[in-house]
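Asks: next one to model:
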Amino acid sequence: MVSGNSEPSSEVTAAAVKVLIAGGFGVGKTTMVGAVSEVAPLRTEEVLSERSEAVDDLSGVEAKTTTTVALDFGRITISPELILYVFGTPGQERFWFLWDELVRGALGAIVLADTRRMDNSFAAVDFFESRGVNFVVAVNCFDDAPVYTEAEVRDALDLDPAVPIRLCDARDRASSKAVLLTLLEHLMAQARAQLGLTV
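Replies: Purely as a prediction, here's the structure:
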């Protein structure tokens, strides 16, 4: 005999989706995670020391004083049924080995780009392309950065025409959330295409 309330539970178990924010050193990954997270983000930042000057290229980000050494982590509730876990990757080449661990289980990624140092985006683009991970490119519009059209950014990064590009301000919550929405829409479009759906 079953005892207790036989009413069906109205609680909904939310699905968790993992996405990465990757890109070069000092491009704004930690800033974007902090901007979108609804909880205080987990950060693994350390102060840059004189010893790092010999291994980290500070060109274009000379005023940077801290760096992510493992990951940044934040969370955003999209709906009662969907929670997004956002992981920011470290930018320096000496920490790239962590990307292989962070990408496990990721549904998609954002490649954050800085037009002052566009070549720093190549590693992230190549990483996700080689692993078949869907991604979008978000150009972080720094105040002193040159402005390029979407076509110029696509050409500079040699991107597939299907990869969305969006301009953003990583400091701004609404702007960063719009990038996440672009990624989710891209992932849904790719899923529909794989299923052969036209709607």
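Asks: in the chain, which spans are helices?
Replies: Using DSSP state H, the helices assigned to the chain run over residues 29-36, 99-102, 122-130, 150-157, 173-195.
Asks: tell me, what residue is most central in the protein?
Replies: residue 21 (1.8 Å; Cα atoms, centre = their mean).
Asks: thinking again about what came up before, to residue 116, which of the helices of the chain lies closest?
Replies: Checking those against residue 116 by Cβ to Cβ gives helix 150-157 as the closest, at 12.3 Å. Where C-beta positions appear, they are placed from N, C-alpha and C, glycine not excepted.
Asks: put the alpha carbons of that closest one into PDB.
Replies: Extracted in PDB, the C-alpha atoms of helix 150-157 (Å, rounded to 0.1, in the frame of the first residue of the first chain):
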ATOM      1  CA  GLU A 150      31.100  41.900 -39.300                       C
ATOM      2  CA  ALA A 151      32.400  40.900 -42.700                       C
ATOM      3  CA  GLU A 152      35.900  42.200 -41.800                       C
ATOM      4  CA  VAL A 153      35.900  40.200 -38.600                       C
ATOM      5  CA  ARG A 154      34.700  37.100 -40.300                       C
ATOM      6  CA  ASP A 155      37.400  37.500 -42.900                       C
ATOM      7  CA  ALA A 156      40.200  38.200 -40.400                       C
ATOM      8  CA  LEU A 157      39.300  35.000 -38.400                       C
END
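Asks: so residue 84 bridges to which residues?
Replies: Beta-bridge partners recorded for residue 84 (DSSP bridges): residue 17, residue 76.
Asks: wait, I meant residue 168
Replies: Per DSSP bridges, the residues bridged to residue 168 are residue 140.
Asks: any idea how far it is from residue 143?
Replies: Counting by Cβ to Cβ, to the nearest Å, the gap from residue 168 to residue 143 is 14 Å.
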